[in-house]
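Visitor: Quick one, structure for this:
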Amino acid sequence: MKLSVLDLVPVRTDQNSSEAIAASIGLAQAADRLGYTRYWVAEHHNMASVASTNPPIIIAILASRTERIRVGSGGVMLPNHAPLVVAEQFAALEAVAPGRIDLALGRAPGSDPVVTAVLNRSGATSDVNAFPNSVGDIIALLSPEGATVRLTSGQEYGLKATPRATSVPDVWLLGSSDYSAQLAASLGLPYVFAHHFSGEGTERALDLYRSQFRPSEFLEAPRTFLTANVVAADTVDEAALLALPQMQQMARLRTNDPLGALLTVEEALAADVTDLQKEFVERMRGTWIIDDGAGAAARLRQLGERFGVDEVMVSPGASARRGTAPDAAPARIRTLELLAEHLLTSDAA
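Guide: Residues are numbered from 1 along each chain as shown. Now for the predicted structure:
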């Protein structure tokens, strides 16, 4: 089985933004060393616990600090950006790290209505309803031939994301509903389902993608994987403790309570949690993979077999204990190490 990583660049209560990014650099370097396939960063705005606000910048940093692993977006939320800007950014990334860049595009804004309004007011963005056309525009602009724009005068105008491309990023569609699955199938693009959101709708989305897939110049057959929330530790009890802060954070999000930075384990154990939030935490225990190394690896294998994928992208949701170095994420690295020990090393043997 192939393993990859999805990172939101979490910010704990004992970290500032600089330290959180440094911790994610260390996590990416560990994934690179351990043999993970790709490392994607998400796009979220104005969240106290998420420093991944600008995927192209984070990707550039990670590409410069790793050697082999593919780095990319999971994803760029296209309604927030002009297609030409996205194409230019990822063409430049591909130029400096050829063969290592993934551009996964999402249709959701990745922000609240206020942030969306600010983005619309302060810069060029694209209408969410124009998503299919915007995807096509980006693909065309990234190609060495570029795209042709017809002006109102009737003249044709050549447009390229970069002057002389010799390779292009892999373009993926990212989604948590049927829409992106069907669009990816119709365009002949690879597709990834955000299974880690809730664990619901995965089978239907993948079935739609596979059954409706049309071969294209980019892809001859369907290519897909899915995502999962995973916390692995040396013991099951330790994994449960390390997962608690992130699960409480998600429960606060679901109940519209104010969100702060990600708590440490000790802070989470002492936190005031409502009965409804406790219910959400218990539900998450049933959908997250929280286990020791062998148990987590076995459950990931089962997940891959259930949905017919040979790659799973893990979102390592472990927080940290009090006293952990602020520029490090040892529990998240340990999750990657344990999974690699049971899945990557054994597969290579």
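Visitor: which residues touch A42?
Guide: L6, D7, L8, V50, S52, P55, S73, G74, G75, G110 (CB atoms under 8 Å, 6 or more residues apart in numbering). In this view, the C-beta of every residue, glycine as well, is placed from N, C-alpha and C.
Visitor: How far does stretch 297-305 sit from its chain's centre?
Guide: 19 Å (CA atoms, centre = their mean, to the nearest Å).
Visitor: What residues of that stretch count as buried?
Guide: A297, R299, L300, L303, G304 (16 or more other CB atoms under 10 Å).
Visitor: and which of those is nearest to P215?
Guide: If you rank the buried residues of stretch 297-305 by distance to P215 using CB to CB, G304 comes first, at 23.9 Å.
Visitor: ok so, going back, inside helices: which ones of the buried residues of stretch 297-305?
Guide: Mapping the buried residues of stretch 297-305 onto helices (DSSP state H) picks out A297, R299, L300, L303, G304.
Visitor: Surely the first one is in contact with L339?
Guide: Yes. Counting by CB atoms under 8 Å, A297 does reach L339; the two are 5.8 Å apart.
Visitor: how many other residues sit next to F218?
Guide: 14 (other CB atoms under 10 Å).
Visitor: residues touching it, list them.
Guide: So, once contact is read as CB under 8 Å, 6+ apart, F218 ends up touching I139, V171, G188, L189, P190.
Visitor: Phi and psi next, for the nearest residue to R214 once chain neighbours are set aside.
Guide: Nearest residue to R214 in three dimensions, chain neighbours excluded: G188, at 5.2 Å (CB to CB, 6 or more residues apart in numbering). Dihedral angles of G188 (phi, psi; degrees, to the nearest 10) stand at phi 70, psi 40.
Visitor: Contact partners for G188?
Guide: Going by CB under 8 Å, 6+ apart, the list of residues near G188 reads F213, R214, P215, S216, E217, F218, L219.
Visitor: Can you name the residues in contact with stretch 166-173?
Guide: By CB under 8 Å, 6+ apart, stretch 166-173 touches 70, 72, 75, 90-91, 93-94, 98-99, 101-106, 135, 138-139, 142-144, 180-181, 183-184, 187, 189-192, 218.
Visitor: One more pass at 6 Å, please.
Guide: Residues outside stretch 166-173 that contact it (CB atoms under 6 Å, 6 or more residues apart in numbering) are 90, 94, 98, 101-105, 139, 142, 180, 184, 189-192.
Visitor: Would you convert the contacts of A42 into a markdown table that also reports neighbour count?
Guide: Formatted as a markdown table, these follow (neighbours: other CB atoms under 10 Å):
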| residue | neighbour count |
| --- | --- |
| L6 | 24 |
| D7 | 24 |
| L8 | 21 |
| V50 | 21 |
| S52 | 26 |
| P55 | 26 |
| S73 | 28 |
| G74 | 27 |
| G75 | 27 |
| G110 | 23 |
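Visitor: Tell me the one of these nearest R252?
Guide: Each of these was scored against R252 by CB to CB, and V50 proved nearest at 13.5 Å.
Visitor: so what's that closest one closest to, chain neighbours aside?
Guide: H44 (4.5 Å).
Visitor: How about the backbone phi and psi for that neighbour?
Guide: According to degrees, to the nearest 10, H44 has phi -140, psi 150.
Visitor: D102 versus that one, what's the distance?
Guide: 18 Å (CB to CB, to the nearest Å).
Visitor: who's more crowded, the two?
Guide: Ranked by neighbour count (other CB under 10 Å), H44 and D102 place D102 first, with 25 against 18.
Visitor: If we ignore the residues flanking it in sequence, what's nearest that one?
Guide: G72 (2.8 Å).
Visitor: remind me, longest strand of the protein?
Guide: Taking DSSP state E as the criterion, the chain has its longest strand at strand 224-233.
Visitor: Direction included, what does that strand pair up with?
Guide: Strand 224-233 sits in its sheet next to strand 191-193 (parallel), strand 289-292 (parallel), strand 311-316 (parallel), going by DSSP bridges.
Visitor: Just tell me which of the ones you listed ends up closest to Q15.
Guide: strand 311-316 (15.8 Å).
Visitor: For that closest one, give the mean pLDDT please.
Guide: Throughout strand 311-316, pLDDT has a mean value of 96.
Visitor: so how far is that strand from its chain's centroid?
Guide: That offset, for strand 311-316, works out to 9 Å (CA atoms, centre = their mean).
Visitor: Can you identify the element that follows that strand toward the C-terminus?
Guide: helix 330-339 (DSSP states H and E).
Visitor: Just want the angle from that next one to strand 224-233.
Guide: 110 degrees (axes from the mean of the first three to the mean of the last three CA atoms, to 10 degrees).
Visitor: Which residues does helix 330-339 contact?
Guide: Taking CB under 6 Å, 6+ apart as the rule, helix 330-339 contacts 3, 27, 30-31, 34, 231-232, 242, 293, 297, 316, 318, 320.
Visitor: Please apply the same query to stretch 309-325.
Guide: 2, 4, 6, 196, 225-231, 242-243, 245-246, 262, 264-266, 300, 304, 331-332, 335.
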